[in-house]
Each structure stands twice: as structure tokens, then as C-alpha cells.
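S.K.: Okay, predicted coordinates and the sequence, questions at the end:
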Amino acid sequence: MDSNKFMAFHDEYVMGTYGRYPVVLTEGKGSVLKDTDGKEYIDFTSGIGVNSLGIANDSWIDAVTSQLKRVQHISNYYYSDMSAKLAEKLVSLSKMKKVFFGNSGAEANEGAIKLARKYSFDKYGKGRSVIISLSKSFHGRTLTTLSATGQPIFHNYFFPFMEGFRFVDLNDTEQLKKEVEENKDICAFLCEPIQGESGVNIMSDEYIKAVKDICSENDILLIFDEVQTGIARTGKVFAYEHFGVSPDILTLAKGLGGGLPIGAFLCNEKLENTLSAGTHGSTFGGNPVSCAGAIEVMNTVSDGKFLDEVTQKGEYIKNKIKSFNADIISEIRGRGLMIGIQIKGVSKEYAKKCIDDGLLILTAGDDVIRFLPPLNITYSEIDRGLDILKNIL
Ligand code: PLP
């Protein structure tokens, strides 16, 4: 079937919830994807930060297929060796205490919110359940995580939204102080250390430290949503390591499974016994195949040399883009291989032009081009992609 026919066939049966680009991607290797006509695309997206080790990575395929041949799924009524091994790895890398496994970023954040509210309920009783998050944040598409998302454009159509969410502005310490002084109903502060979807906006060191202090002084739980920034994306296994501030709850998904659906939330000692049997669950949570893929990802990306390379490649990309001296660019920001380019133009238009020339990029808002390439992208793949971008810019 040619690609136009395939797209029409697809659209006849699949709901039109995504503004898809007219490309049918069917195979690939590393950071190169191919469409149905065999045209190649350099991948600066990794499926929105998911394919940490690129397409069809040999070791990852071995890990996943050997688990597939053992058992694909057992229920959470029984113990699984794979989820235990992955949990041990995540706990030792994060210095957190316990993990819960689910399937996605939104589910991880939902669980984190439940955990925070249960902790507060157990200790203080009803009425202290508000979650403060940041304007311009993005935490997912379920009703609760949309309620926690600080972008009015998402607070539409699906009323009623969940109660118990308020917002403050990124990097405005005074506003947060005032909010906490004036209200005694807050149980947690939820934030992305670097906001991804709204444009690669970085929390300042001072702000994140002030947030930690305010939270500690008031027994407000600090939740870091590292669904996008986690799993070595920024050159550290977890982005909070850049700031020297650790959360009470950490949420992960996207890059964790290297392409298989898995999400997780982790907590520190304070919360390790808060969720007891029957208070939370997920049928697919801790699926052995997803865990096998995730173990391979974590073993690879937690290596010091690998992490240094993520940082170096990120710097290489940013420096090369700076050297284009393109008038259209007003700022380049980000850490490691999470890069945002603020442009004086419409980012989607540039993404379309890039596709025509064989490069896949992401956008973040109307005027930011975003890169989340596979973490093991090679310099020659980077150069191929940047040559395409240079011509377009
Ligand atoms: N949190 C952050 C920071 C994200 O970037 C995303 C997705 O983009 C989510 C949560 C939601 O993740 P998912 O789409 O896996 O539910």
C-alpha cells in the first residue's frame, strides 16, 4: 500500500486526536528512520524522548526477546524477578527507597499525587490535599494530570476537572512563599526540573533550592516529574542531580523502557509505607518484558562515560547551531540532549520543512524547536541532521 493510501486507511479507523505529519515510518536503525518509500530521516525526536538507545538496538532487542521467550506477563498477585531487578537498579541510582511501576507518565504522576494526598491524610486528616504546580507545566492527559498542568489551553471541554490544584510561576520564590504562608491546605509541590512541552524552560538553581527549603519547613512533599528529563536525558541519570536537591517523590516514564511502555514513581523513606495493599494498582505495572528493556536501558545509560557523552553531544549540538548565526534564532537552551531553540517564527513550519529534507524534530509551543535525540546518537548522525537544519534556518 502506498503511503497516501495507508494514511487514508489509518484515518478511517483511528481517532484524529493527533496532528500527524504525512509520513509513514516503518523501520530504522540507530538514529535513522525510513518511510515506506525507503526515504531516510535523521531522528532528533526518539519518539518524544522514548527510544533512549535508538531504533532496534541490538543489546536491547536481546534483553527484550530473551524475556519474551521466558514469560511475557504475570499479574501483580505474584512476584517477578524482572520488576525486582529494575526496582533495585532505580532505587540504588536515585537513592530513593521504594518504587511503584505503571505504564506511562500520566499514570506515574497520578500515582505520585495519590501518594502525596494519602501521606497528608494519614498525618493531618482531611482538607490538606492541594497540589501546587507551575504555570507552563505539563504533567499528562488524564483528568487529574490535566488539572495539574499549568497551561489554560488544556483546561477546556472536559469539565469538571479535579479540585485541589493551584499554580505559581516558575522561578518566582516570593510568589511561592506567599502561597504557602497564606494557605495551610497544601500537601505537595509538583514540578519538572526542566519544563519540556512548554519550551525547555529551566528551573534556576536558587529557585529549586528555595522550593526545597519551603517544602521541608512546611512538610510539603516535593515531587519531581522527570518523565521527560529522567533516564540520562540531561547528562545525569536524573535531572535533579544537577541541582543537588532530591525530591520526596520522583516520577519516570518515556525513556525508561527504551521504547516499551513503562512508567514509575519512586519515594523516599518518609513515604515508603504510605501506600498499603489495595490502595493502588495497575494490571500491566511491572510487566516483565518492559522491565527487561528498562534494565538494559538503565545499565547502559548509568555508565559514567555514557553520561559524559550525552553532555558532550549536547554541547556540540548547541555550539554548532550557534555557529550558524541564523537571525531566526533568539536563544538556545537545555541540558544534555534536551535542547530547545527559541525562534522568531512558527516552529511547526520548520518541523514540516525538516521532514521534507529528511530530519525529524520536535516543537515545544509555537516558537520553540526541540530536540530529544536518542541518547546514543552518533556524531555523524548529528552532523547529517544539523546540515539539514542549517540549510533550512
Ligand atoms: N510529564 C511530562 C514532563 C511529560 O513531558 C509528559 C509527556 O510528554 C507526561 C508527563 C505524560 O506522559 P505520558 O504521555 O507517558 O502519559
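M.R.: Noted; the coordinates are in hand.
S.K.: Return the residues of the stretch 151-300 of the chain in contact with the ligand.
M.R.: Residues of the stretch 151-300 of the chain lying near the ligand by C-beta under 6 Å from any ligand atom: 192, 196, 197, 225, 227, 228, 253. Just so you know, the C-beta spots here come from the backbone N, C-alpha and C atoms, and that holds for glycine as well.
S.K.: Take the residues you listed and keep only those in strands.
M.R.: residue 225 (DSSP state E).
S.K.: For the residues of the stretch 151-300 of the chain next to the ligand, pick the one with the most neighbours.
M.R.: residue 225 (32 neighbours; other C-beta atoms under 10 Å).
S.K.: how far away is that residue from residue 133?
M.R.: 9 Å (C-beta to C-beta, to the nearest Å).
S.K.: shared neighbours, these two?
M.R.: Jointly contacting residue 225 and residue 133 under the rule C-beta atoms under 8 Å, 6 or more residues apart in numbering are 139, 190, 191.
S.K.: Filter the residues you listed down to the buried ones.
M.R.: Using 16 or more other C-beta atoms under 10 Å as the burial test, the shared contacts of residue 225 and residue 133 include 139, 190, 191 as buried.
S.K.: List the buried residues in stretch 237-248.
M.R.: When burial is assessed from 16+ other C-beta under 10 Å, stretch 237-248 yields the following buried residues: 237, 238, 239, 240, 241, 242, 243, 245, 246, 247, 248.
S.K.: What are the buried residues along stretch 258-272?
M.R.: If you call a residue buried by 16+ other C-beta under 10 Å, then stretch 258-272 has these buried ones: 258, 259, 260, 261, 262, 263, 264, 265, 266, 267, 268, 271.
S.K.: Could you tell me which of those belong to strands?
M.R.: Reading strands off these with DSSP E, I get 263, 264, 265, 266, 267.
S.K.: Closest one to residue 217 out of these, please.
M.R.: Proximity of these to residue 217 (C-beta to C-beta) peaks at residue 267, which lies at 19.9 Å.
S.K.: Contact partners for that closest one?
M.R.: 96, 97, 98, 115, 248, 249, 250, 274.
S.K.: and these as JSON lines, adding secondary structure and pLDDT?
M.R.: Below are these laid out as JSON lines (DSSP: H, G, I helix; E, B strand; the rest coil; pLDDT from 0 to 100):
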{"residue": "96", "secondary structure": "coil", "pLDDT": "98"}
{"residue": "97", "secondary structure": "coil", "pLDDT": "98"}
{"residue": "98", "secondary structure": "strand", "pLDDT": "98"}
{"residue": "115", "secondary structure": "helix", "pLDDT": "98"}
{"residue": "248", "secondary structure": "coil", "pLDDT": "98"}
{"residue": "249", "secondary structure": "strand", "pLDDT": "99"}
{"residue": "250", "secondary structure": "strand", "pLDDT": "99"}
{"residue": "274", "secondary structure": "coil", "pLDDT": "98"}
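S.K.: Name only those of these that count as buried.
M.R.: Of the contacts of residue 267, these count as buried by 16+ other C-beta under 10 Å: 96, 98, 115, 248, 249, 250, 274.
S.K.: ok, now how distant is the one residue in the stretch 1-150 of the chain that gets nearest to the ligand from residue 216?
M.R.: Residue nearest to the ligand within the stretch 1-150 of the chain: residue 105 (2.3 Å; C-beta to the nearest ligand atom). Noted for residue 105: a distance of 26 Å to residue 216, by C-beta to C-beta.
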